Every structure is written in structure tokens, then in C-alpha cells.
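Student: Provided below for reference: sequence and predicted model.
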Amino acid sequence: MPMTAPAVLEVEDLHKSFGPVRALRGVDFVCRRGVVHALVGENGAGKSTLVGILSGVHLPDRGRLLVEGRPRRFASPREALQAGVAAVYQEFTVLPHLTVTDNVLLGQEPARWGVVDRRRARERVKAVLDELGAHDIDPRRPARTLSVSQRQLVEIARALTLEARVLIMDEPSAVLAGKELARLFQVIRRLAERGVSIVYVSHRLEEIGTVADEITILRDGTVVSTGPISSYRREDIIRQMVGRSLRTTASVPIEDHGETVLSARGLRLVPDDPHGIDLDLHRGEVVGVAGLMGSGRTRLARALIGLVETPGRVEVEGRTLRQTGVRAAARQGVAFIPEDRKTQGLALDLSVEANLSLPVVDRISRFGVISRVAQRGLVQGLVRRLDIRLASPRQPVRSLSGGNQQKVLLGKWLATTPRVLLLDEPFRGVDVGAKAEIFSVLEELSRAGMATLLISSDLPELIALSHRILVMRDGRLAGELSRAEASEEAIMALAVGRRDAA
Amino acid sequence: MTVQGAAPGQLRNLAERIAETGAAAWIVVLCLAAAIGVESSLFLSSRNIANLLSETVVLGLVTVGEALVMLAGQIDLSVGSLASLTAMLSAGLINGRSDLVAPVLLLVLALGAVVGAIQGTLVTRFRVNSFIVTLGSYYALQGLAFAYSQTPVGSVPDWLANIPYLGAGPLPAYFVGLLLLIAVVSWVLRRTVVGRHLYAVGGDAEVARMVGIRARAVVVTVFIVSGTLAALAGFVLTMKATVGTPSAGSGLELDAITACVLGGISLSGGRGSLPGAVGGVILLTLIQNVFTLLHISSYFHNVVLAFVILAAVTVFVRRD
């Protein structure tokens, strides 16, 4: 119906870079009055950056932003709010030590002469919570006693009290299910009828069909297409989200895998998963793990080494993995290489040498004194094997390129001679050349018998390297694809899939 | 899956709940007072109580400011040095003249506010860690105090020097003044928009910013209040000593932080209450008083103090 409604929020030719990463490259976007406008795209397509700019968290490098026809520039969320643009954030912005009431009204407390009018505050919060059907939330409770979905409702309640003209909802449904979700959709429809425009960011195509009027699809920082939702089929959306033509891939890893190296049974990542996840890794096998952000990919890897508590059991070469944690797992033959090498994997200001020898420092030292000879031997071996480009083993890791940093991280754990490698997003932030090199290292390891669990959002790379691919959704295994079945479309279809009735 | 709660023991739960209300320090105070009251009849005398309460005023003033700064997630190490400097300036500039008392008081309060404003600006605009900023002012202000004079200076008119002794029975008048200030600030924290925003900024400055709170303004404000109260504390120090001493306020910053921690204010901000911190002030003063009363060496005083702090914090202060 609202095809003719006037535009409330418009952006033209929006550009934004973070360092070398060009998050948005010329985005045009129009949201009209009373319209629920879905914004979809793969991980890293630029949705969060666009939302950040619309809500005043980021300033664009270039481009125009108009609210009701007037050019605007939001230097802070406060300025966006004053212009009538409010956001419900994906990350929790509920403060655990404040009460529900204080959280809902944070930044917009009803007051006279600066004194909070507690009665009006209570009434307003109660009214909003009732509208959301959240009768089980006591407004006086401290927020830390709430469940995750209750916190999300508090967050949505906050947005409702803002009485904004444009409401941006970034993955509001991520932790809601069933009744709560249905109620959220009702509220969204009601707001839209009142003339509020809603920008609805979600991965879930199913619910977008239910709640949205229009859709804009982002890919690689540009708008692929935009239009009324009724003219899109689900397959169209998936295809346009994935878009890029499959790159011709590197050489194919060997197929004949041998005995089981790692075997996991009943890893339950979400409480309502009845069976949990079963997983076997064989000698020389590369098993890919795909899924959207927050689907539980990293949690699966962490559960394998006991960093996430699950009722399941993990065996490595027939022996139950007893001690948990990165170091203990490494001792038992499982190396976990985390996603964020800057904060989790490497000491950037220490030398390449120090980083590489860190996990095995016991082995190359005697009475607590590191043997320089043993260290040099170890480091030279790894640098050669991984072809790490450096001027000197003494140079700080920070001074290396992203790809070489990634190789140092890899080498650090190879030093522990693992049988199983758990790799989380090894291709993130590395250039094409380094990607190819990491590629060949992984293939060589696979050929030498290493079992690898490879988590990646880079689907072409994942498809090229993996013997089979597990697709995660909502903390569960959504499906498994053999090499023959694996395509970006098939993976995305499983990843965004149909919401379980549970 | 990280469900809150289910602490290992109910005692631990109880202790945490007590800590939450800021009552921990008060409980220790009451136990200590009862024990000493039984031991020494002198302790509960009206004069000793008046004395004790009088001793809390300077630390109390500084602690109110420090509590606000800490609730906002910052720290202020400059308050002791600032109090020393303003004590020197008050005594030196008044120099016995009654007609200069009011203007000098205003001058030193303004100086405190300016110091606070500069510190707040450095923290918010230039994003320097408040520990570093106020450590810098700690040295600078202490240096200025000694540069002014290494020996006690100035004097105050008799009526001013008498103020600490005014009052009814065990209640010194200026202690009642402190209570009023605490009541007002507590009310502001609990009931006003500014108070809510202060807790929000201390809880998570980024979240506060995202919901449209002017986090920088809040932080600058608490530093101004802290500076002003420290300056007032310096003036009170001179009033009590009748002269200005360059080391008058030394150590106040650590005592104030200790009082806040004992009172349950989180070192990372956003949690705790002012009444708790006041309990901390009374506790510190009480321990000092008991040692004086029992004629025990002040060196032991610090050792015992350390144990009391560690014990109280271990039992009562919640772990994040």
C-alpha cells in the first residue's frame, strides 16, 4: 500500500571505510513513511555500517543523509535521536545493574526540574511492556536477573518509548522465538500503521516475508537491488545476497581419509537442542563449518576443547578429552586457532620468535631457561615450512602483513604437533596472495594427515577446501553438504533456513 | 547459557546482598563500636563521639566527590594535593583578617572547580586515562603547595577557628552540615535525571552514548564537583589547624578511595551508593580514633587498617 508514501529517510552515495576495508561504496537507500523496510545481506555486506551511520554511531566519509528532505549529519546517537531516528541494537545495551524501568527510559527519563517523576516512569514502562506482552517482566527488577530474550524485550521497549519517526531494528529477533516473535511483529505492524518507518535488519528471510513491505539487498558495500517485497521470491533474495560468481578454486585436496581422529557426541550449544551435535573428523579430512554470525560456529569449536560447557563428550584418537582449555587441548593434540588474532591469538608487540615458541616453551627450555639453539631451530623450521616473509625472527609480529601474521598464528600451534586443527576464520583480513598461501599450507597439512575443522564466512574458499561442509543455524546443525552438493546458494539456504517451530 | 546466580554458598549470597546495599561498612562500624564500647567507657563519652564525628568531616567531603567520580567510572587522585594547596592559600590569604574569609573561600572553591574542569576536559576531550591525568595534578598541586611555603603559613580569625567546636552534645554543627550535603547528593543520585545518567555512564559509557546521554558532560561535572569539595576540605583543614600546612591533605585521596571501596563502590564504576561510602569514612575514622584512645603507635594503626580493609573487602565486596 504505501508505495506512494513520502520518503522519511534517504541516503545518497554513502561511502565509509574502516582503514583499508571499504565497508560501504556508494549506497543509496530510501525508507518511506509507515513502511517496514528490510535490509538484508551476508556477513560483511555493510548492513551494520549503514545502520551505524543512520543512527549516528559512525560518520560517513562521503554521501548525503536526509531526514524528511532535510540534509543531516549525525555526529552522535544523541543527534540522531533528536532528529527522530532511533535504533535498537543487536548487541545488548541493557545495563545489568540498573532496574528495568531505568533501562527502558535511559536517556529520556520523565522529569520535572531534573527530578525523575517515578510514578510516570513506572506507568510508561508498564504500558510499553504490556504492549509487548511482556507481563512477566517486573519493572523494578535489576536487568541482570532477566533472561536473554527478556533483555531483548527491554531493548525493544526502550525503542518504543522513544516515539521515533524512524526506528532501526538490528536483528531484533535473534534471541526471540514463538509468541515473543509474533508479538514483536504485531507491534512493528502497529507502529507502521501509526506512520513510523522501520528499518528491519535480519538474516531470517522467513520473517522478512512476514513483516516487511520493502526490501533492500546489500552485497560487498553496495546495493544490489531494492523494491517491494512482494516481487521477490526467497530464492531471488538468496541469490542476490550471495551474488558473486564462483571463483575458480585452487587445487582439490585429497579425498581418501582414514581413521577417525576426533569424535564428538551430543555437543549441545543451545538448551532446546534435543540431541546436540555429533561430529567426526577423519585423518586428512577438512570439514568446513558455515553459518551466519551468531549461528554457533565458534561456539562449536570452543565446545570441542571444553571452553563452552556442554553435556557432550569429545574423544581424540580414542581417548576422552579430559582437561579443558586451549593449552590442555594442545597437549592432547587439538590446536584451536581463534578468529581474532589481534586479541586472542598473538602478542603483537613480541617478536615472531617469541610468539612461535610460546606454546612449546617448556620443550625448548631447561630449568626455566630458554635454549637459544633449540628456539632458533624450531623457529627456522616453522618459518620455512609456512613460508613466513620476514626480515628477522626478532621483528615484532605487528610489523608483518595480515597474511604473515596469520601464518605466525598457524605456526605457533603447529609447533605443538597437533593431530586436529580447529581454525576460526583464518581468511579474515588477509589479502588474496596470503589467502592462497594459507590455502596451500592447509592442503599440505591435510595431505600429511591433519584433520581440520575450518570455520569461515568466505564461502568460495570454504567450498574449495572442504571435503564436506556443516551448516549451523541458531546453535544447531542445520545440515551437512557433501563436496558435490556444496554451493553458495545451498549453504545460504540452510543458513538462513526456515525457523524451527520449537 | 550464562545464567546468573547460584553462588557456591548462601553465606556468599548474603554477603553480596549486603554489599549491594552499601551496608557492609556500617555493619563493621557497629560491631567495632559495640566491642570498643564494652572495653572502654571513654569511647562512648559525648566528647569522644563529638571528636570522632568532627574528624570525619574533611575525609567525608573528599569522599563524597571521590564517590561521584568513581561511580562515573573514573578516579581522582588529585584531591589530597588540592586540599593541601587550598589549605595553604586559605590560611595565607586570610592571614587573620575577618573581612577576607568570604572572598578567599569563594576563591579557593573556584580554584577547585577549575582544576576539576581541566581534569574532566583532559579525560573526555583528549581521552587521557583519569588515573594519569589526576596523578599528574597530584604532583603538580602538591608541588605548588610546597612552593608556596615549606612551613605552615598564615592564620585565621578566632571565630573561624571556633566553628569546629560549635554544636550540641555529641553532634558538631559542621558535621551536621556534612550530613546535609550527603543527604542532598544521595537524593540527586537516586532521584534525578543527572543521577541516573551518572550510573549509566559509569556502567557503560558507550551504551550511555548510544542512548543519547551526554557522557562527556557527566564526567566533566563529577570532576568539577570533586575538585570543589576537595577545595572545601582544604578550607576546613585550615579552619581546624588555624594555619595552612603544605602536607595538610596528604593521603586523603587514598583514604577516600578506600572509604568508597569499603562502602561497596565498584572500582570499575556504575555500582554502589553514597551511604555505603560514608560508612567507609566512619570506619576509617573510627579505627584511627580507637588507636589514639588506646595509645597504640600509629605505625600499628596502618597495619591493622590494612587487615580490616582486606577482610572487609574479601567478605563483602562483590566480585565482577
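Tutor: It's in.

Student: Show me which residues of chain B are close to chain A?
Tutor: Contact residues, chain B versus chain A (C-beta under 8 Å from any C-beta of the partner chain): B:1, B:4-5, B:191-197, B:199-200, B:203-204, B:207-214, B:270-271. The C-beta positions use only the backbone N, C-alpha and C, and glycine is treated the same way.

Student: Number of residues surrounding residue 153?
Tutor: Using chain A here. A:L153 has 27 neighbours, counted by other C-beta atoms under 10 Å in any protein chain shown.

Student: right idea, wrong chain: chain B
Tutor: Neighbour count of B:V153, defined by other C-beta under 10 Å: 20.

Student: how close does it get to B:A91?
Tutor: Noted for B:V153: a distance of 6 Å to B:A91, by C-beta to C-beta, to the nearest Å.

Student: list the residues that contact both of these two?
Tutor: Residues touching both B:V153 and B:A91 by C-beta atoms under 8 Å, 6 or more residues apart in numbering or on different chains: B:243-244.

Student: Would you mind naming what in the stretch 101-250 of chain A lies close to chain B?
Tutor: Within the stretch 101-250 of chain A, the positions adjacent to chain B are A:102, A:106-109, A:111, A:114-116, A:118, A:144-145, A:158 by C-beta under 8 Å from any C-beta.

Student: Could you work out the most separated pair of those?
Tutor: Within these, A:G114 and A:T145 form the most distant pair, 29.0 Å apart (C-beta to C-beta).

Student: Show me which of the residues of the stretch 101-250 of chain A next to chain B are buried.
Tutor: Among these, the ones that count as buried by 16 or more other C-beta atoms under 10 Å in any protein chain shown are A:102, A:106-109, A:111, A:116, A:158.

Student: Same list, the residues you listed, but as a markdown table with pLDDT, secondary structure and distance to B:S297 please.
Tutor: Formatted as a markdown table, these follow (pLDDT from 0 to 100; DSSP: H, G, I helix; E, B strand; the rest coil; distance: C-beta to C-beta, whole Å):
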| residue | pLDDT | secondary structure | distance to B:S297 |
| --- | --- | --- | --- |
| A:D102 | 90 | helix | 48 |
| A:L106 | 88 | coil | 51 |
| A:G107 | 84 | coil | 53 |
| A:Q108 | 84 | coil | 57 |
| A:E109 | 86 | coil | 52 |
| A:A111 | 84 | strand | 53 |
| A:V116 | 88 | strand | 50 |
| A:R158 | 87 | helix | 57 |
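
Student: Tell me the helix or strand right after the lowest-mean-pLDDT helix or strand in chain B.
Tutor: In chain B, no helix or strand scores lower on mean pLDDT, DSSP states H and E than helix B:10-21, which sits at a mean of 67. Next in sequence after helix B:10-21, counting helices and strands by DSSP states H and E, comes helix B:24-39.

Student: what's next to that following helix, contact-wise?
Tutor: Outside of helix B:24-39, the residues within contact range by C-beta under 8 Å, 6+ apart are B:15, B:18, B:43-44, B:259, B:262-264, B:275-277, B:279-280, B:282-283, B:286-287, B:290, B:293, B:308, B:312, B:315-317.
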